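Undergrad: I'll drop the sequence and a predicted model, then ask my questions.
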Amino acid sequence: MTIKEKAERAAVGTTLDGLLKYVDKDPKKNLTKLLDVAEKLLAGTFPKKYLDATRAAIQNGDNVYYQLAMNVLNDLDRGMLKKMLLAMGLGAGVKGTKAVRENREIYKCNIPFLLLMDPTSACNMKCKGCWAAEYGHKNSLTYDEMSSVVSQGRELGTHLYMFTGGEPLIRKDDIIRLCETYPDCAFLAYTNGTLIDEKFCDDMVRVGNFAVAISVEGEEKVSDERRGEGHYQKAIEAMKLLKSKGCLFGISVCYTRDNIYSVTSDEFLDNMVDLGVKFGLYFNYMPVGHDAVPELITTPEQREYIYYRMKELRNSKTGKPMFFMDFQSDGEYVGGCIAGGRNYFHINSAGDMEPCVFIHFSDSNIRTHTLLEGLRNPLFMAFRHDQPFNDNHLRPCPMLENPEKLRDICGRTGVKSTNLIREETAEMLCSKCDKFAKEWAPRAEEIWKINTHPNPKTQYYRDTPEGRAEFGNKE
């Protein structure tokens with residue numbers, strides 16, 4: 001950070017110290033004051049109606065978002081809360097959002113708010129249907145390579161970083177070091193939780209800008225069936241330790257045909273809230289890799305179920321005091337597919353820049369290309385050109401719901417398979433999605449027509465002057 005940035009951070013940090021002490025005196029009354037400051041800090045990043053709704057929630061003790069706010073205040077270490085607010089608010093919200101939007105105009109390509117990377121392909125588990133289980137201990141990014149990614153990303157405006165794998169906490173010392181080096185960025189790791197110990201929790205609190213999402217698959221029997229006997233209890237013990245130390249953590253849930261009702265049940269979620277979980281990140285099962293099990297893909301009936309179930313869970317009166325996100329069903333809130341650098345992209349443990357964590361094809365590598373070069377190479381530019389892949393944002397993905405789109409992109413850009421064990425062509429991957437795509441399309445159309453949808457005010461390539469000229473849209 002520059003001297004000016006450090007001074008600004010110190011000033012905002014001092015303000016936050018005072019506000020947090022003020023809120024602690026009378027949380028319900030004084031949370032509104034904290035929200036007023038946050039609104040100024042985020043400088044229009046979020047629509048005013050959402051902030052107004054949050055204010056109303058604070059005044060209603062029965063509102064689940066008030067309950068979530070109180071859980072955050074009661075459970076999180078104050079130093080960690082302050083540092084995370086600085087990273088998410090000042091770093092990502094103010095600095096990052098402005099820079100991302102400006103650089104999209106300057107470079108005429110996608111610039112992401114968020115970047116995923118795999119520190120290592122190694123994992124200490126072998127979960128059913130997981131492509132990472134195939135990879136073994138073959139590849140790792142060095143610390144310097146990961147630091148270079150974050151440094152380059154910051155220059156473009158990217159201030160949010162997530163670690164996948166493999167099991168990223170095999171590299172937990174290097175991850176903590178990155179958090180120390182880039183305090184204005186926020187970091188998160190998707191983890192099975194088995195490597196979380198007391199020292200690591202202390203390190204999380206010390207750096208403050210790092211959270212974890214622990215993978216669970218529902219109740220104990222269901223979770224252990226996919227992740228191995230004893231995993232559920234280990235995950236629960238990790239959550240208890242994280243809560244006792246004042247750490248921020250959530251859950252990562254891959255929902256499948258077998259577990260979808262378990263992982264969205266009241267019993268399961270109430271237990272997660274009691275354990276200290278603050279957010280739930282949900283992913284539809286994707287049949288990636290040679291060991292994939294297409295039969296685990298949800299049925300159309302189940303996809304419809306989770307679309308409505310997520311609305312129930314987020315309802316301020318009937319929901320749960322957690323922040324929920326379903327990366328497949330929430331396309332309507334972000335304008336469809338967010339991959340290819342539109343909102344995020346993925347770097348695997350061999351350095352390949354991939355459009356999505358589930359789409360293992362590339363024409364760029366961080367060892368031979370800068371991030372900006374990769375974003376402007378044919379694969380990512382094809383994603384930018386073609387997004388949204390469907391105007392029905394309940395069918396956002398170019399692989400699962402629109403497999404003909406991924407076939408076309410891979411064919412015309414000539415990208416290589418980045419499967420780290422055996423090549424998986426676009427045809428091999430997409431053929432596993434054709435059946436679901438065909439079955440889901442008519443039901444998705446029905447759901448789309450009978451519901452109102454938010455307007456995320458997204459500008460696609462087709463809305464730019466160049467896009468209007470190409471597509472003949474004069475509006």
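TA: In hand now; what should we look at?
Undergrad: Double-check residue 231 against residue 192; I have them as touching.
TA: Yes - counting by C-beta atoms under 8 Å, residue 192 is a contact partner of residue 231 at 6.7 Å. C-beta here means a position set from N, CA and C on the backbone, and glycine is covered the same way.
Undergrad: can you map out the strands along the stretch 301-450 of the chain?
TA: Ranges of strands within the stretch 301-450 of the chain are 323-326, 344-347, 353-354, 361-362, 416-417, based on DSSP state E, counting those that start in this stretch.
Undergrad: Pull out the buried positions in the first one.
TA: For strand 323-326, burial by neighbour count (16 or more other C-beta atoms under 10 Å) applies to 324, 325, 326.
Undergrad: now, which of those residues sits nearest residue 188?
TA: Within the buried residues of strand 323-326, the smallest distance to residue 188 is 12.1 Å, found for residue 325 (C-beta to C-beta).
Undergrad: so what's the closest one bridging to?
TA: residue 281 (DSSP bridges).
Undergrad: per-residue pLDDT, it?
TA: Predicted confidence (pLDDT) for residue 325: 94.
Undergrad: For the lengthiest helix in the chain, buried residues please.
TA: Identified as the longest helix of the chain according to DSSP state H is helix 3-25. Buried residues in helix 3-25, defined by neighbour count with 16+ other C-beta under 10 Å: 8, 9, 12, 16, 19, 20, 23.
Undergrad: How about residues contacting that helix?
TA: Applying C-beta atoms under 8 Å, 6 or more residues apart in numbering, the external contacts of helix 3-25 come out as 1, 30-31, 33-34, 37, 41, 73, 78, 81-82, 85-86, 89-90, 95, 183-184.
Undergrad: Tell me the buried residues within these.
TA: Buried members of these, counted by 16+ other C-beta under 10 Å: 30-31, 34, 37, 41, 73, 78, 81-82, 85-86, 89-90, 95, 183-184.
Undergrad: Pick out the lowest-pLDDT one from those residues.
TA: At the low end of pLDDT for the buried ones among the contacts of helix 3-25 is residue 41, which has 62.
Undergrad: Between the two ends of stretch 423-435, what distance do you get?
TA: 22 Å (C-alpha to C-alpha, to the nearest Å).
Undergrad: pLDDT averaged over that stretch - what is it?
TA: For stretch 423-435, the mean per-residue pLDDT is 96.
Undergrad: can you list contacts of that stretch?
TA: Stretch 423-435 has contacts (C-beta under 8 Å, 6+ apart) with 287-290, 292, 294, 297, 359-361, 399-401, 403-404, 406-407, 410-411, 417.
Undergrad: ok, back up a step: residue 468: which of the buried residues of helix 3-25 is nearest?
TA: Nearest to residue 468 among those: residue 8, at 38.6 Å, using C-beta to C-beta.
Undergrad: pretty sure residue 252 belongs to a helix, no?
TA: No - going by DSSP: H, G, I helix; E, B strand; the rest coil, the assignment for residue 252 is strand, not a helix.
Undergrad: Surely it touches residue 211?
TA: No - Residue 252 is beyond contact range of residue 211, at 11.3 Å (criterion: C-beta under 8 Å).
Undergrad: and the closest residue to residue 302 other than its chain neighbours, which of the three is it?
TA: Excluding the flanking residues, the one nearest residue 302 by C-beta to C-beta, 6 or more residues apart in numbering is residue 260, at 5.1 Å. With three-state DSSP as the basis, residue 260 sits in coil.
Undergrad: quick one: residue 260 and residue 149, what's the gap?
TA: Relative to residue 149, residue 260 is positioned 34 Å away (criterion: C-beta to C-beta, to the nearest Å).
Undergrad: Fine by me, we can end here.
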